[in-house]
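Student: the following comprises the amino acid sequence and a computationally predicted model.
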Amino acid sequence: MKILIKNVQIVNEGKIIQSDILIENDLISKIDSQISDEADQIIDASGKYLLPGIIDDQVHFREPGLTHKGDIESESRSAIAGGTTSFIEQPNTVPNAVTQELLADKYGIASQKSFANYGFMMGGTNDNLEEVLKTNPRNVPGIKLFLGSSTGNMLVDNPETLENIFSNTKMLIAVHCEDEATIRENTQKYLDEYGEDIPVKFHHLIRSEEACYKSSSKAVELAKKTGARLHVFHLSTAKEMELFRNDIPLKDKKITAEVCVHHLTFTNEDYDTKGGLIKWNPAVKTQNDKDALWEALLDDRIDVIATDHAPHTWEEKQNVYTKCPSGAPLVQHSLVVMLENYKNGKISLERIVEKMAHNPAILFRIEKRGFIKEGYKADLVLVDLNEKWTVAKENILYKCGWSPLEGMSFQSKVTHTFVNGNLVYENGKINEEKFGERLLFEVQE
């Protein structure tokens, strides 16, 4: 199968060039200003921009065990509609993916059901070091540790266990950092005052800057001590930005940082209108924090933009504060949110591609993806930067059926998505055949 895309603006490796591109089977076979090869399909993309498919390094697709909220099929479907062609999913499913067998089960499901390329993190606990060390770095992206109580029984709070994991694996360790004791103390204070129905506007004071910094600084210190590869997920505070550096290339960094779309979009001022819909862990914090995250993103202390896509049902989100789960769905809309920031002059197209495609590929050492290069997998997304649309119930594809962005209008639209050379999404229509593949990772000795 050959697909030829003509007259497109290719955004790749810090440049935008007008070119043609030929896809042959699952690979990019030729990039040239004029390609006249025969093709099964020709797409005239005049005026449009071609980006490498987005790689989201942090999603929760809820399968197995919580499939009333979302599943690999429904959420990967929404991912390709938003230009995300590869995802890395987290282990706090039910049961938690904390044995090799349970991890293999998730890969088995995805091989049948995923529209996008997939990787699943191995979960660490206080007592599964042996299982963690059996993880194959060639086909598993890394080890995930919860250093805060986002998921109850996956909390790793034994210092000895932590040091053992950090000291004994060469794999990337990704962490959720919030200090459990601080959060408990803060929660109790508000419970004493308000009971179960704490106003959600206090969420960022309960899961506070102090709770985040205390935990992330400890993780960074441990990584420096042991030489481990540490990736800190969903940073949310200005204070944490001092923990990261920008004076060496990403490929040489041992300690890396991620920010999520929602922490770049919302602030605590939005709790008044959005309520529990924007209750995340870590919490959306102040305007000052948001500004600091943007600054660190643009000066390369923050390496990656992700979503932490975490669907819950509408009903669950209407509960009182203490029973309202944290998390929201975002994977269908992350790219258009960032393209809106481009339209508003906050970030360039080249930087969006760097932070959402190139850098996740470099950081996780993903084989042959994340760039538009000859010989690489044809995971691509075509965008129209001048097509206005509004997020509404009828165009939300998440199984949970809602989005915290509902009612927001965007000036850019994803028109085509390719996964492994297959046109899987075109102008609102999804190809129901599934072409997602297991991500592979380059192992460095």
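Tutor: Received, thanks.
Student: could you pull out the helices for the stretch 201-350 of the chain?
Tutor: 203-206, 209-226, 261-265, 271-274, 287-298, 314-317, 334-343, 349-353 (DSSP state H, counting those that start in this stretch).
Student: what does the last one rub up against?
Tutor: I take that to be helix 349-353. 11-12, 14-16, 49, 51-52, 298, 305, 335, 338-339, 341-342 (CB atoms under 8 Å, 6 or more residues apart in numbering). The way it works is simple: take the backbone N, C-alpha and C, and place the C-beta from them, glycine included.
Student: hmm, back to that, make CSV from the helices of the stretch 201-350 of the chain and add mean neighbour count, distance to residue 429 and mean pLDDT to it.
Tutor: Below are the helices of the stretch 201-350 of the chain laid out as CSV (neighbours: other CB atoms under 10 Å; distance: least, CB to CB, whole Å; pLDDT from 0 to 100):
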stretch, mean neighbour count, distance to residue 429, mean pLDDT
helix 203-206, 22, 39, 98
helix 209-226, 19, 42, 97
helix 261-265, 22, 25, 98
helix 271-274, 14, 31, 97
helix 287-298, 18, 33, 98
helix 314-317, 14, 26, 98
helix 334-343, 21, 18, 98
helix 349-353, 20, 25, 98
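Student: among these, which comes closest to residue 180?
Tutor: Closest to residue 180 of the helices of the stretch 201-350 of the chain is helix 209-226 (CB to CB; 8.2 Å).
Student: tell me the helices and strands packed up against the closest one.
Tutor: helix 159-168, strand 173-176, helix 180-194, strand 230-232, strand 255-260 (3 or more CB pairs under 8 Å, 6 or more residues apart in numbering; DSSP states H and E).
Student: tell me which residues are up against the third one.
Tutor: Which is helix 180-194. For helix 180-194, the external contacting residues (CB under 8 Å, 6+ apart) are 148-149, 155, 157, 198, 202, 205-208, 210-211, 214, 322.
Student: what ranges in this protein fall below the confidence cut-off?
Tutor: Low-confidence segments of the chain (pLDDT under 70): 149-153, 445.
Student: all helices of the stretch 51-200 of the chain, in order?
Tutor: 72-81, 100-113, 129-133, 159-168, 180-194.
Student: and the second one, which residues are buried?
Tutor: This points to helix 100-113. 100, 102-103, 105-107, 109-110, 113 (16 or more other CB atoms under 10 Å).
Student: how about a markdown table for the helices of the stretch 51-200 of the chain, with distance to residue 269 added?
Tutor: As requested, the helices of the stretch 51-200 of the chain are exported to a markdown table (distance: least, CB to CB, whole Å):
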| stretch | distance to residue 269 |
| --- | --- |
| helix 72-81 | 28 |
| helix 100-113 | 38 |
| helix 129-133 | 41 |
| helix 159-168 | 36 |
| helix 180-194 | 19 |
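Student: right, and these - which one's nearest residue 384?
Tutor: helix 72-81 (14.2 Å).
Student: look up the closest residue to residue 135, ignoring the ones flanking it.
Tutor: In space, and not counting its chain neighbours, residue 135 is closest to residue 122: 4.5 Å by CB to CB, 6 or more residues apart in numbering.
Student: that neighbour contacts residue 132, doesn't it?
Tutor: Yes: judged on CB atoms under 8 Å, residue 122 makes contact with residue 132 at a distance of 6.1 Å.
Student: what's the overlap in contacts for the two?
Tutor: Common neighbours of residue 122 and residue 132 (CB under 8 Å, 6+ apart) are residue 143.
Student: let me see the contact set for residue 415.
Tutor: Shown in contact with residue 415 (CB under 8 Å, 6+ apart): 48, 382-384, 387, 426-427.
Student: just the element for it, please.
Tutor: Residue 415 belongs to strand 413-419 when assigned by DSSP states H and E.
Student: re the thing from before, make JSON lines out of the buried residues of helix 100-113 and add distance to residue 289.
Tutor: Putting these into JSON lines (distance: CB to CB, whole Å) gives the following:
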{"residue": "100", "distance to residue 289": "39"}
{"residue": "102", "distance to residue 289": "36"}
{"residue": "103", "distance to residue 289": "34"}
{"residue": "105", "distance to residue 289": "38"}
{"residue": "106", "distance to residue 289": "34"}
{"residue": "107", "distance to residue 289": "37"}
{"residue": "109", "distance to residue 289": "37"}
{"residue": "110", "distance to residue 289": "35"}
{"residue": "113", "distance to residue 289": "37"}
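Student: ok, back up a step: any chance of the helices and strands packed on helix 209-226 in CSV, plus distance to residue 291?
Tutor: Converted to CSV, those look like this (distance: least, CB to CB, whole Å):
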stretch, distance to residue 291
helix 159-168, 32
strand 173-176, 23
helix 180-194, 24
strand 230-232, 19
strand 255-260, 12
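Student: so which of the ones you listed is nearest residue 88?
Tutor: Nearest to residue 88, of all the helices and strands packed on helix 209-226, is strand 173-176, at 8.4 Å by CB to CB.
Student: partner strands of the strand holding residue 415, with direction?
Tutor: The pairing partners recorded for strand 413-419 under DSSP bridges are strand 380-384 (antiparallel), strand 422-426 (antiparallel).
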